[in-house]
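Enquirer: curious how this folds, go ahead:
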Amino acid sequence: MNTLLTLGQFGIFAGRVVRSSFTHKLPVARTIEEAYRIGVRSLPILLVISFFVGTNLALQGYVAFRPMGAQQMLGMFVGLAGVRELAPIMVAAMVSAKAGTEMASQIAVMRIREQIDALEVMAVDPYVYLVTPRFLGIVLVLPALTIISIATLIGSAWLVTVYQLGEPGGPFLALVWNTTSGTDLMVAGIKGGLFGSFICAVSCFCGFTSPPGPAGVGRATNAAVVISAVCCAILNYFVSEVAYG
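Expert: Numbers count the residues shown, from 1 in each chain. The predicted structure follows:
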């Protein structure tokens, strides 16, 4: 019963956000600010994670293929696993943990301090002011972060393949190129945009419906991360099924 009630509240929240976004002027300046905060400030940690995921992917793939004498297929493995699945879901998890928690906590603090009520008293639509710029910002930058993650992952896998495992780099890159296509990059970008929209919607909803008190802020932040991660994992399967099934 509580789950159905929460889903109903989320539907009402999403409807209000959409209605407010279409009936008010889009906050371009705040959207750019949010895109910078979510994208550029997340870039260093994303590069580090993507680099070491790529190195581990190459190493584990080599260990799996070598007993069968198929280590030359390592480029295909890195291309398919990294481009199609790992990079999009990894970016979503990182952004959810960093930007999603920040969204939920900031809005939850405003809720318990009655600052959202104050915006409404001043005739400022809180949905346009607080949600729309975050939503547009994250949807704009997540596809770009996904492509950057893919490039970093493949580059680090190539370094391990050539300089640690002693395999030729040319065939590795050729297999990556031949087994992936522009469609794979497009699907990865679509996944990034969809994941970003879910992360923002869930995080902002948890902040808007935060229970009172400091403990409520903690529960709202925790719920935002958990629900966002589950939603992105489920959505990743269905998008992959539609694109590759």
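Enquirer: all the helices of the chain, residue numbers only.
Expert: Assigned by DSSP state H, the chain shows helices spanning 2-23, 28-35, 43-65, 74-78, 87-95, 101-112, 115-121, 126, 132-159, 169-179, 182-208, 214-244.
Enquirer: mind putting these into JSON lines with mean pLDDT and mean neighbour count?
Expert: To be clear about C-beta, it is placed using only N, CA and C from the backbone, and glycine gets the same treatment. Converted to JSON lines, these look like this (pLDDT from 0 to 100; neighbours: other C-beta atoms under 10 Å):
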{"stretch": "helix 2-23", "mean pLDDT": "81", "mean neighbour count": "13"}
{"stretch": "helix 28-35", "mean pLDDT": "88", "mean neighbour count": "16"}
{"stretch": "helix 43-65", "mean pLDDT": "89", "mean neighbour count": "17"}
{"stretch": "helix 74-78", "mean pLDDT": "84", "mean neighbour count": "25"}
{"stretch": "helix 87-95", "mean pLDDT": "90", "mean neighbour count": "25"}
{"stretch": "helix 101-112", "mean pLDDT": "88", "mean neighbour count": "21"}
{"stretch": "helix 115-121", "mean pLDDT": "84", "mean neighbour count": "13"}
{"stretch": "helix 126", "mean pLDDT": "85", "mean neighbour count": "20"}
{"stretch": "helix 132-159", "mean pLDDT": "91", "mean neighbour count": "23"}
{"stretch": "helix 169-179", "mean pLDDT": "85", "mean neighbour count": "16"}
{"stretch": "helix 182-208", "mean pLDDT": "90", "mean neighbour count": "22"}
{"stretch": "helix 214-244", "mean pLDDT": "88", "mean neighbour count": "16"}
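Enquirer: which residues touch stretch 70-80?
Expert: With contact meaning C-beta atoms under 8 Å, 6 or more residues apart in numbering, stretch 70-80 is reached by 54, 57-58, 61-62, 64-65, 153-154, 157, 161, 165, 167, 171-180.
Enquirer: one more time with 10 Å, if that's ok
Expert: With C-beta atoms under 10 Å, 6 or more residues apart in numbering as the test, stretch 70-80 has contacts from 54, 57-66, 86, 150, 153-154, 156-158, 160-161, 165-181, 184, 244.
Enquirer: which non-adjacent residue is nearest the residue nearest to the spatial centre of the chain?
Expert: Taking C-alpha atoms, centre = their mean, the centroid of the chain lies closest to residue 92, which sits 2.2 Å from it. Spatial nearest neighbour of residue 92, chain neighbours left out: residue 195 (3.8 Å); criterion: C-beta to C-beta, 6 or more residues apart in numbering.
Enquirer: surely the one you found touches residue 141?
Expert: No - contact between residue 195 and residue 141 fails when scored by C-beta atoms under 10 Å: they sit 11.6 Å apart.
Enquirer: list residues touching both of the two?
Expert: In contact with both residue 195 and residue 141: 91, 95, using C-beta under 10 Å, 6+ apart.
Enquirer: return the residues in contact with the closest residue to residue 235 other than its chain neighbours.
Expert: Excluding its sequence neighbours, the residue lying closest to residue 235 (C-beta to C-beta, 6+ apart) is residue 194, at 6.0 Å. Each residue near residue 194 by C-beta under 10 Å, 6+ apart is listed here: 88, 92, 139, 142-143, 231-232, 235-236, 238-239.
Enquirer: how near is residue 194 to residue 231?
Expert: 10 Å (C-beta to C-beta, to the nearest Å).
Enquirer: okay, and the common contacts of these two?
Expert: By C-beta under 10 Å, 6+ apart, residue 194 and residue 231 have these common neighbours: residue 92.
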